[in-house]
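Participant: dropping the sequence and predicted coords here.
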Amino acid sequence: MKRLDTLLLTDNEVKELLKMSDVINAVEIAFKEKGLNKVQMPAKIYLHYNRYNGDLRSMPAFLDRLEISAAKIVNVHPENPLLNRMPTVMATIVLIDPKTGFPLCIMGGTTITNMRTGAAGAVAAKYLAKKDCKSIGFIGAGAQARTQLSAILTISNQIQEIRVWSRTKKTRSKFLNEAKKTYGDLYTLVPAHSIRTATKGIDIIVTTTPSREPIVKCDMISPGVHINCIGADAVGKQELDSKILTKAKITVDDWKQAAHSGEINVPLHLGLIDRSYISGEIGEIVAGLKPGRENNNEITIFVSTGLAIQDAITAKLAFDKAKKKDIGQFINIVK
């Protein structure tokens, strides 16, 4: 029997390999495959570490026609940065050869998690936001806000103004300083001292907070806005006033996951909305099975919970690039 070696990639190596434009293209393909019902993707499995205010999630996936399979484990511990000087989210991905079950690659998955979630927001904006969007408002200014900004700016050349609100001035200032270094004077960067200032009259709103109560109220948004809901990723989390959901076209990444732990989970549980309020999944829109935005006055909402197929296709992208560039090291973990 021949020696079998598995490629090991650190998260820093993955970061060097991936470009946001490539990840956006890959995630759009993954959504299409899901829309065409060509994937296997069980719902996330959760372990809850209640005494530590954290959880661990297991996320396997198989994109049948693309012959791509992977499994990710990822934690969410919101108190990590303050208490442990560690990231809130950390992830590891194992890329699997579906023909044999062999682990082709073990890689850091934190960068992939951030980038593929940002890419999902960009794909949603492509199909659901107005074509002439000129402004983005961020509610929350952490790592995911940065990748959402990078992704949306990758697909749009008309954005002029970026407004940012966060719970602390320090986080807001860090976000703006990094944006200034990255983008120079290409955009007008505005620190918002209230949520209303960050959202009123804005074309695209991105929410990335761990809030468990609605913080974006119905009277804070304008007709025609598109909202990417990123922060609600567990039972009980909610960032938007439920009244907004009753007036909007709601698109989810996956119905089961969104109903369990996405932005819609609380209003569904309370009976304020039901499945009839959900227009469909983003994959159905990408595949041409359902319409995206239909007029400039619609309020559109994308409920992102993060799909294992996004991780799998992005991990395969990183693996292929690593082999071409001879990056990483091989280890023998399977006899």
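Facilitator: Done, it's in. Numbering: from 1, shown residues only.

Participant: how is the residue lying closest to I273 once chain neighbours are set aside assigned, secondary-structure-wise?
Facilitator: Closest residue to I273 apart from its sequence neighbours, by C-beta to C-beta, 6 or more residues apart in numbering: P267 at 4.8 Å. (C-beta placed from N, C-alpha, C; glycine too.) P267 falls in the helix class when you classify it by DSSP: H, G, I helix; E, B strand; the rest coil.

Participant: quick check, pLDDT for P267.
Facilitator: Listed pLDDT for P267 reads 96.

Participant: pretty sure it sits against E239.
Facilitator: No - taking contacts as C-beta atoms under 8 Å, P267 lies outside contact range of E239: 11.7 Å.

Participant: for the stretch 101-250 of the chain, just list every one of the helices.
Facilitator: Using DSSP state H, counting those that start in this stretch, the helices of the stretch 101-250 of the chain run over 110-128, 143-155, 169-183, 195-199, 242-246.

Participant: what residues of the fourth one count as buried?
Facilitator: I take that to be helix 195-199. Residues of helix 195-199 classed as buried by neighbour count (16 or more other C-beta atoms under 10 Å): I195, T197, A198, T199.

Participant: and which of those is nearest T110?
Facilitator: A198 (26.6 Å; C-beta to C-beta).

Participant: what sits against the closest one?
Facilitator: A198 is in contact with G137, F138, I139, R163, V164, W165, A192, I205, counting by C-beta atoms under 8 Å, 6 or more residues apart in numbering.

Participant: between the residues you listed, which is nearest D22?
Facilitator: Using C-beta to C-beta, F138 comes nearest to D22 of these, at 23.8 Å.

Participant: residues contacting the closest one?
Facilitator: 145, 148-149, 162-166, 175, 198, 205-206, 208.

Participant: report the two of those residues separated the most.
Facilitator: The largest separation in those, counting by C-beta to C-beta, is between F175 and I205 at 15.3 Å.

Participant: so between these two, which is more surrounded?
Facilitator: Shown here are F175 and I205; by other C-beta atoms under 10 Å, I205 has more neighbours (27 against 24).

Participant: find the nearest non-adjacent residue to I195, please.
Facilitator: With C-beta to C-beta, 6+ apart, the residue lying closest to I195 is W165, at 5.4 Å.

Participant: correction: A258
Facilitator: Take A258 and drop its neighbours on the chain: the residue closest to it by C-beta to C-beta, 6+ apart is V252, 3.8 Å away.

Participant: repeat that for P191.
Facilitator: In space, P191 comes closest to R172 once its chain neighbours are excluded; the distance is 5.5 Å by C-beta to C-beta, 6+ apart.

Participant: do I have it right that that neighbour meets E178?
Facilitator: No - counting by C-beta under 8 Å, R172 stays clear of E178, with 11.1 Å between them.

Participant: more crowded one of the two?
Facilitator: Neighbour count, other C-beta under 10 Å: between R172 and E178, R172 has more, with 21 against 13.

Participant: picking up where we left off before, and the contacts of F138, which are buried?
Facilitator: Buried subset of these (neighbour count, 16+ other C-beta under 10 Å): 145, 148-149, 162-166, 175, 198, 205-206, 208.

Participant: give me the beta-bridge partners of the residue nearest to A258?
Facilitator: V252 has these beta-bridge partners by DSSP bridges: E281, V303.

Participant: reformat the helices of the stretch 101-250 of the chain as JSON lines; add mean pLDDT and distance to L18.
Facilitator: As requested, the helices of the stretch 101-250 of the chain are arranged in JSON lines below (pLDDT from 0 to 100; distance: least, C-beta to C-beta, whole Å):
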{"stretch": "helix 110-128", "mean pLDDT": "97", "distance to L18": "6"}
{"stretch": "helix 143-155", "mean pLDDT": "95", "distance to L18": "11"}
{"stretch": "helix 169-183", "mean pLDDT": "94", "distance to L18": "16"}
{"stretch": "helix 195-199", "mean pLDDT": "97", "distance to L18": "29"}
{"stretch": "helix 242-246", "mean pLDDT": "96", "distance to L18": "33"}
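
Participant: for E28, find the nearest of the ones you listed.
Facilitator: Counting by C-beta to C-beta, E28 lies closest to helix 110-128 out of the helices of the stretch 101-250 of the chain; the figure is 4.9 Å.
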